[in-house]
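S.K.: I need the structure of the sequence given here:
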Amino acid sequence: MVSYADLGGLGAREGTPVIYTWAPSPPEPPMVYVAATNNIEDLPWLLVFLPLFLLRRNRCCAAWWVWLPALISAGAGITITALATGNERGLTQAAGAFAVGLSALWLLMPSLESRSRIVAFIKALLTLAGFSLLAFVPTLAAAIGGWLDFRPYLTAMLALGSLVVTLALTFGGLCARRRFGRIHYLLRLAVWTVLAWMVVLTAFVFIGYVKDQTEWGEFVVALLGISGLTLVALLPFVLLSFFQPFYRARFFAWLNLSQASLTVGEAVPSVIAGAYRTEARPTTEVAKK
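M.R.: Numbers count the residues shown, from 1 in each chain. Now for the predicted structure:
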């Protein structure tokens, strides 16, 4: 390297050459979320709702059926997010935390009942969001490395997902207040889930439209993807309420639905059983005489 300066005849224009070896700087690390550097987030998050079994209404063997949909929901959510995002730990932990919130919701449903649908809706929303965020606290408390921290966004997604699920369950029950059919309710639940996510994401679409950054194709794919993931997490718990009498009674009571709202095909077995018990009593009394 040689320095150069025109001094206007006051001295040499070039300085003494200097040898300098230049090497390019290493590339910057990728701007992605890196998992926490300690193991605090590896705590068994499913134990968050374990104290709920100490409640008087949950001190029975039937209450433990909630572990079946909890494990299915958490396993399916973690697997799907891991395959879609390349095993991003923050997302997989958020999927597990949401399964914890749903489990707590089903365990606390008797305490969430109310004659007012608005009050029942608010109670369920606070329960689902509260336990989901509580299960996500170890991940929030862990130290991180990297450039971007997605945990605040995942926290917001857990809160929004709780709102969407509560809206879908509530409006699905409103549509089935006269006659309840399992297939019809599942179809309504899917439709209301997509509509609820569409309403929630409208604000983000509007911001992108103002900044001229809206890609409608990507928005539709994201909407269907997050709606599908929400239904995958929710479906095992709804099916539990369909086929397990203990949780079915709780589910109907929270939705303010009576057993009379069942379709004819679903009500026949209970009617036949009741008639059998009614007719069997006189026969037994005659035999005793």
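
S.K.: On the C-terminal side of the helix or strand where residue 161 lies, identify the next helix or strand.
M.R.: Following DSSP states H and E, one finds residue 161 within helix 151-175. Per DSSP H and E, the first helix or strand lying C-terminal to helix 151-175 is helix 182-200.

S.K.: Packing partners of that next one?
M.R.: Applying 3 or more CB pairs under 8 Å, 6 or more residues apart in numbering; DSSP states H and E, one finds that helix 182-200 contacts helix 151-175, helix 216-243. Bear in mind the C-beta positions are built from the backbone N, C-alpha and C, glycine included.

S.K.: buried set for that helix?
M.R.: If you call a residue buried by 16 or more other CB atoms under 10 Å, then helix 182-200 has these buried ones: 182, 185-186, 188-190, 192-194, 196-197, 200.

S.K.: Could you figure out how far that helix is turned away from helix 216-243?
M.R.: Here helix 182-200 runs at an angle of 140 degrees relative to helix 216-243 (axes from the mean of the first three to the mean of the last three CA atoms, to 10 degrees).

S.K.: ranking the helices and strands packed on helix 182-200 by burial, who's on top?
M.R.: helix 151-175 (a mean of 19; mean count of other CB atoms under 10 Å).

S.K.: what helices or strands is the helix holding residue 161 leaning on?
M.R.: Packing partners of helix 151-175 (3+ CB pairs under 8 Å, 6+ apart): helix 89-107, helix 117-141, helix 182-200, helix 216-243.

S.K.: Kindly present those helices as a markdown table, with separate columns for distance to residue 156 and mean pLDDT.
M.R.: Shown next, in a markdown table, are these (distance: least, CB to CB, whole Å; pLDDT from 0 to 100):
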| stretch | distance to residue 156 | mean pLDDT |
| --- | --- | --- |
| helix 89-107 | 10 | 88 |
| helix 117-141 | 10 | 89 |
| helix 182-200 | 10 | 90 |
| helix 216-243 | 13 | 87 |
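
S.K.: Let's have those helices in TSV, adding distance to residue 23.
M.R.: Output for the helices and strands packed on helix 151-175, formatted as TSV (distance: least, CB to CB, whole Å):
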stretch	distance to residue 23
helix 89-107	35
helix 117-141	39
helix 182-200	50
helix 216-243	40
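
S.K.: wait, which of these is closest to residue 69?
M.R.: Nearest of the helices and strands packed on helix 151-175 to residue 69, taken as CB to CB: helix 216-243 at 3.4 Å.

S.K.: how about the helices and strands packed on helix 151-175, which one is nearest residue 75?
M.R.: helix 89-107 (8.6 Å).

S.K.: so how far is residue 92 from residue 218?
M.R.: 23 Å (CB to CB, to the nearest Å).

S.K.: if we can go back for a sec, let me have the helices and strands packed on helix 182-200 in JSON lines, adding distance to residue 70 as columns.
M.R.: Formatted as JSON lines, these follow (distance: least, CB to CB, whole Å):
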{"stretch": "helix 151-175", "distance to residue 70": "15"}
{"stretch": "helix 216-243", "distance to residue 70": "8"}
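
S.K.: Of all the ones you listed, which one comes closest to residue 55?
M.R.: Nearest of these (CB to CB): helix 216-243, 18.0 Å.

S.K.: what does the next helix or strand after that closest one rub up against?
M.R.: With elements assigned by DSSP H and E, the helix or strand that comes after helix 216-243 is helix 245-254. With contact meaning CB atoms under 8 Å, 6 or more residues apart in numbering, helix 245-254 is reached by 60, 62-63, 65-66, 106, 109-110, 112-113, 120, 124, 180, 238, 240-242, 258-259.

S.K.: This completes my enquiry, with thanks.
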